[in-house]
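A.B. asks: how would this look folded up:
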Amino acid sequence: MAADLSWEHDILELLGKDVMVFDPEIRAKLSKDYYWYSPVLDRQLKDIKAADGVALVRNETEVAAVLAFAYSFKIPVTVRGAGTGNYGQAVPLQGGIVLDLSRMDQIIEIGEGYARLQCGVKLGTIEKTAREAGQEIRIYPSTYVKATVGGFVSGGSGGIGSITYGNLWDGNVLEAVIYTMEEVPQRLVVKGRDLFDYIHNYGTTGIMTEVTIPLAPRTAWTQLIVQFPSFEQSMRFGEALAADETIQKRLISPMEWPIPSYFTPFAKVIKPDMAAVMVEIAEAMLSKVDTLAQSYDGHIGHVIEADKYRRTIGVSDFTWNHTTLWGMKSDSTLTYLQAGFQLSSYLEQMRMIKQQFGDEVLFHFEWMRNSGAITPTCLPLVFYKSEERLYEIIHYCESIGVKIFDPHTWVLENGGRGEVGSMQRRKRQNDPQGLLNPGKIICEM
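C.D. replies: Residues are numbered from 1 along each chain as shown. Modelled structure (predicted):
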């Protein structure tokens, strides 16, 4: 605990011991996230001091009370959902209060084509409830069982379903309730392009307490593992499947060998030395996908029928950043990158990277849509040797036109967010003292 916590007694009187927690083990646990995916961040953040206190809020009234109190004492506030982020989003770099929103977990309304939710609802709960009502989530991360909807919107970007519906900025957030960090916090209802300042912002521009997301009609999904003699064949198949708008799909995830060998639950059905594509399609599309796979010298190696969807381990549990996790379980020297390849030249870019680095870089792609355009997004596994070598690989990729969204930094500008000028202006407006998750935007104030 900080040497001077002159505010501890006052905030306990305000919120009570059920909300405000100072236990050292709880503070340490809730001051971390999954930054250990990155050996760079693990080195930089593992010894960061825990927050001075944790606010386990249950409603918007308590959120506003914490923010008003923190403003008056100039205490930093770092918001947290389930802590499944990979970039140190939920790590309080300057101590202060961790604002844990996981107890705000009510599904407020499931309507026709939308779900209105408190930000602490787990995505797996939303998906189950929506499917019972004949609908389903449009996009979600591979961590959906644990991840909260507010955490996903505030720290994520895309996921399963992005092959059809794009990323979070592509109309996958309809509305949000935001609290500002001021003497009297404002409750803002944000829609349209104004939402962009709060998507993937790590809670730096305001505290999201409620979010409305669109829902799609429920589909009976069949899951496949499709295998190919070469990775290039698997990528050509993936591109063709992505482009075929007559085939309804939720996932197209190609991986080069030996990545499929890391998926031990599928060891009996994955053939060695072959590329694998994890696929989710509408069950009526199976014959069309089989024919398409054969045209690229591939075959369907495993089928999980639609009636077993969510009742057994599925192919999506091995995609997006769960691919990285399975790799790290097999070999602790593995880490990853996030890369955007060009549709017109991704095969040539792949060949150049392989020529330069060989199997030091293992390809794992996710076909998705970005602003409506088919995009080959890559989360390659990298055998980590040193930080210098990692950035040598990054700089080479950038030199051949592959855009890297660096997962080894907690700084928004340097990682997955890119240009943040609008967010900086919003931060100055909503957080005039710079107390919301400080250190996550370079030029904050």
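A.B. asks: Can you list the buried residues in stretch 100-109?
C.D. replies: Buried positions in stretch 100-109, judged by neighbour count with 16 or more other CB atoms under 10 Å: Asp100, Leu101, Ser102, Met104, Asp105. The way it works is simple: take the backbone N, C-alpha and C, and place the C-beta from them, glycine included.
A.B. asks: Filter those residues down to the ones in strands?
C.D. replies: Within those, residues falling in strands by DSSP state E are Asp100.
A.B. asks: List the buried residues of the helix or strand hosting Thr125.
C.D. replies: In this structure, Thr125 sits in helix 123-132 according to DSSP states H and E. Going by neighbour count (16+ other CB under 10 Å), the buried part of helix 123-132 is Leu123, Gly124, Thr125, Ile126, Glu127, Thr129, Ala130, Arg131.
A.B. asks: And stretch 203-220, by the same measure?
C.D. replies: 203-216, 219.
A.B. asks: Repeat that for stretch 303-314.
C.D. replies: Within stretch 303-314, the residues that qualify as buried are Val303, Ile304, Ala306, Tyr309, Gly314, counting by 16+ other CB under 10 Å.
A.B. asks: Rounded mean pLDDT for that stretch, please.
C.D. replies: Per-residue confidence for stretch 303-314 averages out to 94 on the pLDDT scale.
A.B. asks: residues in contact with it?
C.D. replies: The contact list for stretch 303-314 (CB atoms under 8 Å, 6 or more residues apart in numbering) reads Lys128, Ala220, Trp221, Thr222, Gln223, Leu224, Pro265, Glu280, Glu283, Leu286, Val315.
A.B. asks: would JSON lines of the residues you listed with secondary structure and distance to His9 be doable?
C.D. replies: Below are the contacts of stretch 303-314 laid out as JSON lines (DSSP: H, G, I helix; E, B strand; the rest coil; distance: CB to CB, whole Å):
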{"residue": "Lys128", "secondary structure": "helix", "distance to His9": "43"}
{"residue": "Ala220", "secondary structure": "coil", "distance to His9": "57"}
{"residue": "Trp221", "secondary structure": "strand", "distance to His9": "54"}
{"residue": "Thr222", "secondary structure": "strand", "distance to His9": "59"}
{"residue": "Gln223", "secondary structure": "strand", "distance to His9": "55"}
{"residue": "Leu224", "secondary structure": "strand", "distance to His9": "60"}
{"residue": "Pro265", "secondary structure": "helix", "distance to His9": "51"}
{"residue": "Glu280", "secondary structure": "strand", "distance to His9": "53"}
{"residue": "Glu283", "secondary structure": "helix", "distance to His9": "60"}
{"residue": "Leu286", "secondary structure": "helix", "distance to His9": "64"}
{"residue": "Val315", "secondary structure": "helix", "distance to His9": "53"}
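A.B. asks: counting contacts, what elements does the helix holding Thr125 pack onto?
C.D. replies: strand 107-111, strand 114-118, strand 135-137, helix 149-155 (3 or more CB pairs under 8 Å, 6 or more residues apart in numbering; DSSP states H and E).
A.B. asks: Good, we can wrap up now.
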